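# coords please:
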Amino acid sequence: MPDWLIALLIIGVVFLVLVIIIASMYNGLVALRNRVKNSFAQIDVQLKRRYDLIPNLVETAKGYMAHERETLEAVIAARNQASAANTKAAGNPADPGAMKALLGAETALTGAMGRFFALAEAYPDLKANQNMMQLSEELTSTENKIAFARQAFNDGVMTYNTKRESFPTNIIGGMFNFQLAEHFEITNPEEREAVKVSFS
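Okay, here's the model as predicted:
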């Protein structure tokens with residue numbers, strides 16, 4: 001076999017091995033990015049459930065908290081803003097801008113809900129309302145599911161980001177525009193507390 005043919009075969013094998021390595025790294029990033037999207041979908045389900053519960057809570061409280069209209073409207077406005085931000089983030093959970101907007105909207109909603117429940121404590125008839133107690137219990141359960149789903153999402157983001165930043169995968173990630181994903185975490189210590197739902 002001529003030397004030029006041997007050299008051509010060696011170059012062909014090296015090229016094929018490089019293509020396989022690059023395809024493997026690319027496919028690994030795609031799989032991890034899809035895992036991040038799937039884990040955000042679990043958060044999305046629970047957030048939507050919470051967004052559906054909030055108007056029912058406000059509607060139940062309206063009859064008792066007639067003088068607290070501003071607080072009730074603030075809760076609904078914060079809920080609507082968080083729902084819109086969630087819809088955008090669900091479209092691409094790896095988009096850091098969309099995730100930051102969602103975190104800001106969730107922070108505002110948590111604050112509005114905290115004020116709502118603090119005011120609700122002053123209304124004994126509202127606290128004793130069976131519908132309000134049931135909705136509050138469902139909200140508490142949903143908050144726990146959100147926390148669990150958020151932990152799974154953040155684990156997926158960490159795995160994806162680690163792979164995305166590791167050499168030589170970072171070269172492939174940069175070439176094919178794999179962005180670093182944003183964790184779903186609250187940075188302000190006061191905001192880390194979950195919405196307190198208590199009518200004891």
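# Regarding the protein, what is its longest helix?
Across the chain, the longest stretch assigned as helix under DSSP state H is helix 3-62.
# I'd like the distance from that helix to the chain centre, please.
Counting by C-alpha atoms, centre = their mean, to the nearest Å, helix 3-62 is centred 15 Å from the centre of its parent chain.
# Stretch 96-109: which residues count as buried?
For stretch 96-109, burial by neighbour count (16 or more other C-beta atoms under 10 Å) applies to 98-99, 101-103, 105-109. All C-beta spots, glycine's among them, are computed from the backbone N, C-alpha and C.
# what's the answer for stretch 27-37, then?
28-29, 32-33, 35-37.
# hang on, the earlier thing: out of the buried residues of stretch 96-109, who's nearest Arg164?
Minimum distance to Arg164 across the buried residues of stretch 96-109 is 15.2 Å, recorded for Met99 (C-beta to C-beta).
# list the buried ones in the helix or strand of the chain at the bottom of the mean pLDDT ranking?
Least confident element among the helices and strands of the chain, by mean pLDDT, DSSP states H and E: helix 124-128 (a mean of 84). Neighbour counts over helix 124-128 (16+ other C-beta under 10 Å) mark 126-127 as buried.
# quick one, the helix or strand containing Ala118 and helix 3-62 angle?
Assigned by DSSP states H and E, Ala118 falls within helix 96-120. Helix 96-120 and helix 3-62 are oriented at 20 degrees to each other (axes from the mean of the first three to the mean of the last three C-alpha atoms, to 10 degrees).
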